[in-house]
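# sequence and predicted structure are below.
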2 protein chains.
Amino acid sequence: MVVQAELSDSEVDRIFRALADATRRDILRRSLDSEASVSQLAAAYDMSFAAVQKHVAVLERAGLVSKRAVGRQRAVRGNPERVERARALLDRYEQIWRRRIERLDALLADDLTAEH
Amino acid sequence: MVVQAELSDSEVDRIFRALADATRRDILRRSLDSEASVSQLAAAYDMSFAAVQKHVAVLERAGLVSKRAVGRQRAVRGNPERVERARALLDRYEQIWRRRIERLDALLADDLTAEH
DNA sequence: CGCTTGTACAACCATAAGGTTGTAGATTAG
DNA sequence: CTAATCTACAACCTTATGGTTGTACAAGCG
């Protein structure tokens, strides 16, 4: 099992920032489903090629997709490992909440015991 | 079981946008762990009260926290349901990728069969 | 070779984000 | 009642974001 380094705050910032745009989420979905060139992606949206190119760049800087040269094209593919990392972060928040509930439950149990 | 409405694109935008800042993620963690007033939260960061207040407002608009009036204080508490929703979205991306792999595996199996 | 296609990137613009200070209203403490 | 505390919000500033157009260059096509 590969132990991964903790993501820095700014890396996490970039990941969630990249996910905070519907076009980028759609590009991520497509590129997880199958590789597509930047121009193929661009054809799918009602905006300039350059705009789509920028969105891909934001995803790339966040590590959510990577590009591979195929002739003059750049094949974009999603990086499931990064998505998993983001999901794991949210899992931790849920754990924090669950631990809180456990503490509260324990307190309540103590109170009931004390009432004897 | 409560069936939940799909989150709109802009709701998802707000959720991930809210998560894309280290201070806000920390506020979310704290408020999932235990309720805290805005001023208690503000004391924890090296920025003005108003700045922290704005961060709380961003989290609130995203539905990640809610506020409850307690005298003159506003108790901020995290909303685990929303965190779960965000996590579920990322799960879907991972599923998309897994389905792709399954398709590729199926193709490979066909090829091997064809070679007989 | 010359033309088309695919990409990269700079320059620019409008708006949003993240911070500040200042003012004002509610609530509690003395 | 008066003073202190907690919150809300407006106004302002700087920088980032998301879009545009235009230019440049590499790779395929005929």
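Okay, I see it.

# residue A:89 contacts residue A:12, doesn't it?
Yes. Assessed by C-beta atoms under 8 Å, residue A:89 is found in contact with residue A:12 at 6.6 Å. Just so you know, the C-beta spots here come from the backbone N, C-alpha and C atoms, and that holds for glycine as well.

# my read is that residue A:68 contacts residue A:75, right?
Yes. Counting by C-beta under 8 Å, residue A:75 is a contact partner of residue A:68 at 4.6 Å.

# between those two, which one's more packed in?
residue A:75 (17 against 11; other C-beta atoms under 10 Å in any protein chain shown).

# next, the angle helix B:80-114 makes with the longest helix along chain A.
Ranked by residue count and defined by DSSP state H, the top helix of chain A is helix A:80-114. Following axes from the mean of the first three to the mean of the last three C-alpha atoms, to 10 degrees, one obtains 140 degrees for the angle between helix A:80-114 and helix B:80-114.

# buried set for helix A:80-114?
Using 16 or more other C-beta atoms under 10 Å in any protein chain shown as the test for burial, helix A:80-114 gives A:80, A:82-87, A:89-90, A:93-94, A:96-97, A:100.

# how about stretch A:40-51?
A:41-42.

# that one: end-to-end distance?
One end of stretch A:40-51 sits 13 Å from the other (C-alpha to C-alpha, to the nearest Å).

# do the same with stretch A:72-86
32 Å.

# over to stretch A:45-53?
Stretch A:45-53: ends 11 Å apart by C-alpha to C-alpha.

# what's the weakest-modelled helix or strand in chain A?
helix A:80-114 (a mean of 89; mean pLDDT, DSSP states H and E).

# check the offset of it from the chain's centre.
21 Å (C-alpha atoms, centre = their mean, to the nearest Å).

# quick revisit: identify, from the buried residues of helix A:80-114, the entry nearest to residue B:51.
Closest to residue B:51 out of those is residue A:93 (22.1 Å), distances taken as C-beta to C-beta.

# once you drop chain neighbours, what's closest to that closest one?
Closest residue to residue A:93 apart from its sequence neighbours, by C-beta to C-beta, 6 or more residues apart in numbering or on different chains: residue B:83 at 4.8 Å.

# the one you found against residue B:31, yeah?
No. At 11.0 Å, residue B:83 does not count as touching residue B:31 under the criterion of C-beta under 8 Å.

# is any residue of stretch A:32-48 near chain B?
Yes. Stretch A:32-48 lies within reach of chain B by C-beta under 8 Å from any C-beta of the partner chain, at A:32-34.

# so which of those reach DNA strand D?
Counting by C-beta under 7 Å from any atom of the strand, the subset of the residues of stretch A:32-48 next to chain B that neighbours DNA strand D is empty.

# who wins on neighbours among these?
Neighbour max across the residues of stretch A:32-48 next to chain B (other C-beta under 10 Å) = residue A:32, 24 neighbours.

# any idea which helix or strand carries it?
helix A:22-33 (DSSP states H and E).

# right, is that helix up against DNA strand C?
No. Remark: helix A:22-33 sits outside contact range of DNA strand C, by C-beta under 7 Å from any atom of the strand, the gap being at least 12.0 Å.
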